[in-house]
Every structure is written in C-alpha cells, then in structure tokens.
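1. give me coordinates for this.
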Amino acid sequence: MQNCASLHERCEVLARYLVEESSTVRETAKRFGVSKSTVHKDIKEKLKYVNPSLYAEARIILDRNKLERHIRGGNATKLKYQRIKNAREKQVR
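-> Next comes the predicted model:
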C-alpha cells in the first residue's frame, strides 16, 4: 500500500497534468496508467485538502469538460457513422 505522501503527490501530479494539458479525466488516466475513478476521486475529493489552489484550477477544467462532453460524444458518433458509410462505399466500388 502506498504511503500518505505518495498519495498526496499522485493527486498533485494528476491535477497538474489535467490543468497544464487541459486534458480530460480519461486522457489523464490513460497517461498515468490509473483508472478514471482514481483520477476523479483524487482530484475531486483528496486534492482540496492537499493543495486547495491547484484544486480550484482543476475544478475549472473538470467543470468545462463536463459541459463539453455531450459535444465530444456527438462528434465521436458522427465520425463512427462516417467511417461506416465510407467503408460501405468502398465495398460497392
């Protein structure tokens, strides 16, 4: 089990990456090899006690991502069906 210092360190490292890269929770989790739940819990629950100023910055990114997620999802769906359509057109030729 990790000691308390390394847990605090992980919270800060994850949050700094999220803020500096303006990334999503999913991108941050993938980058550090942890789960989305870990990233979310570290930033939303633990970071406010470890580094309140970094927490405030990270919350801005998290809140913006939450507002934009339906747009990213819609774009992903659009691209999926465009790929399917293009594949069908290639098969017909």
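2. against which helices or strands is the helix or strand containing residue 62 packed?
-> Counting by DSSP states H and E, the element that carries residue 62 is helix 52-92. With contacts taken as 3 or more Cβ pairs under 8 Å, 6 or more residues apart in numbering; DSSP states H and E, helix 52-92 sits against helix 4-21, helix 47-50. Glycine gets a C-beta too; all of them are placed from N, C-alpha and C.
3. swap the cut-off to 6 Å and go again
-> helix 4-21 (3 or more Cβ pairs under 6 Å, 6 or more residues apart in numbering; DSSP states H and E).
4. mean confidence (pLDDT) on the helix it packs on, please.
-> Across helix 4-21, pLDDT averages out at 90.
5. next secondary structure after that helix?
-> Using DSSP H and E, the helix or strand that follows helix 4-21 in sequence is helix 25-32.
6. now for the helix or strand following that next one, which elements pack on it?
-> Next helix or strand after helix 25-32 toward the C-terminus (DSSP H and E): helix 36-41. Packing partners of helix 36-41 (3+ Cβ pairs under 6 Å, 6+ apart): helix 25-32.
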